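Student: Okay, predicted coordinates and the sequence, questions at the end:
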Amino acid sequence: MTALRFDPIRLPPECEELRKEVRAFLAEEIAAGTFNPFKPLREDADAREFSRRVGARGWIGMTWPKRYGGHERSFLERYVVTEEMRVANAPTRRFFVADRQSGPILLRYAPERIKQDILPRICRGELCFAIGMSEPNSGSDLFAAKTRATKTDGGWLINGSKIWTTSAHMADYMIAIFRTSPPTKENRRHGLTQFLVDMKTPGIKVNPIPQITGQKEFNEVVFTDAFVPDDHQLGEIDGAWKQATSELAYERSGPERFLETYYVLTELVRAVGSNPDTRSAEGIGRLVAQLHTMRRMSVSVAGMLQAGKEPVVEASIVKDIGTVWEQQLPHRVRELAAFVDEDAGNRETLETQLTFAIRTAPKLTIQGGTTEVLRGIIARGLGLR
């Protein structure tokens, strides 16, 4: 049984100074027309030059060793950068997965040659990563993966497919889990191995999956005798489940897990103006209080990561509560906006944002692990199953 712990961590002064720097940078980018913070559905998702400028400021790979291009800053400082980028609706897709979870996995499990080659390029904002976990017919049941890696001379041949693979259509690399042995009766988690896959490898086909929002961020990735060299194996053969569990602590605990539809809340505040009626004020106050609570929990997990801990259960709680909240937020904002003056100058922007947010909401409790899977992890951590 895991003892749940959310330490009451406060952001130190250097974090607030960094926040000012990030806000100033984002204001300059907005003024230059790099992106529009009020437009969640954008065509600038693959913002190569923006990614390079973020890298030049030292805000990618912030916590990593300097010898690999990192800056050896704290997880709390990284938290501030992520929070400001998300609140501003900045186009971070090209570098974010590599920064959040792929880089830490390479740091921990990749051979030295791979680290020296790839990590500095991530830090410079030059590389995009995708994560290969889910498969057709297995959903979020990671341990039901069937895509096989078969040993061959000098490496492995990959056959099968991954699905819902965010950004695979523009990724340079994928970190994926493939089956290298059958599961055992005693341990159905056995038999999975993690690999670094160069997406330019022959035998890899990426099929975009359009969303109701018009976005094309999800993909099916099909492998047909795709060759992965031996030195692209990450960690222990047949033991990737241990590594994946640690990886998901990075993926599930950040502010991006409750801020994805945040823009509709700020737009509601603009729409109701400086003198909201009692109903609107009460509704907004309740939403802000909920947001503050989730933020304190997320900062606490960042502090635990900084201390070298692996808060898997706590991260799952943040993700579960956060994604349910951000999924419900557009509907609650629409209810509160019902009595906003139709002639308000920014009501049109609010309606546009709500339309997009409501359409994108269904995916939020699926990506990064479904709500049902997360609650199973939490129940196991609490000794309830």
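Tutor: Received, thanks. These numbers come from a predicted model, not from an experiment.
Student: these two touch, right, Phe6 and Ala315?
Tutor: No - look at Phe6 against Ala315 with C-beta atoms under 8 Å: they stay out of range, at 10.9 Å. The C-beta positions use only the backbone N, C-alpha and C, and glycine is treated the same way.
Student: anything in contact with each of these two?
Tutor: Val301 (C-beta atoms under 8 Å, 6 or more residues apart in numbering).
Student: Show me the helices in the chain, by range?
Tutor: For the chain, helices defined by DSSP state H occupy the ranges 13-31, 48-56, 75-87, 93-97, 103-109, 112-123, 240-252, 263-272, 278-306, 312-336, 347-360, 371-381.
Student: Any stretches of this protein with poor pLDDT?
Tutor: 1-2, 41-45, 139-141, 244-252, 342-348, 368-369 (pLDDT under 70).
Student: any idea how far Ala88 is from the closest residue to Arg57 other than its chain neighbours?
Tutor: Spatial nearest neighbour of Arg57, chain neighbours left out: Phe25 (6.4 Å); criterion: C-beta to C-beta, 6 or more residues apart in numbering. Using C-beta to C-beta, to the nearest Å, Phe25 is found at 10 Å from Ala88.
Student: burial measure for the residue nearest to Arg57, as a count.
Tutor: 19 (other C-beta atoms under 10 Å).
Student: For the longest strand along the chain, give me every contacting residue.
Tutor: In the chain, with assignment by DSSP state E, the single longest strand is strand 218-229. Strand 218-229 has contacts (C-beta under 8 Å, 6+ apart) with 130, 132, 136, 147, 149, 152, 154-169, 174, 195-198, 201-209, 211, 363.
Student: so Ile321 makes contact with Met294?
Tutor: Yes - counting by C-beta under 8 Å, Met294 is a contact partner of Ile321 at 6.1 Å.
Student: Now for the two: what residues contact both?
Tutor: Phe258.
Student: if I pick the closest residue to Trp64 other than its chain neighbours, what's in contact with it?
Tutor: Of all residues not flanking Trp64 in the chain, Gly70 sits nearest, at 2.7 Å (C-beta to C-beta, 6+ apart). Applying C-beta under 8 Å, 6+ apart to Gly70 gives the contacts Gly61, Met62, Thr63, Trp64, Leu119, Cys123.
Student: Could you save those residues as CSV and add columns showing distance to Glu21 and neighbour count?
Tutor: Formatted as CSV, these follow (distance: C-beta to C-beta, whole Å; neighbours: other C-beta atoms under 10 Å):
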residue, distance to Glu21, neighbour count
Gly61, 17, 29
Met62, 12, 22
Thr63, 17, 19
Trp64, 19, 24
Leu119, 23, 24
Cys123, 17, 26
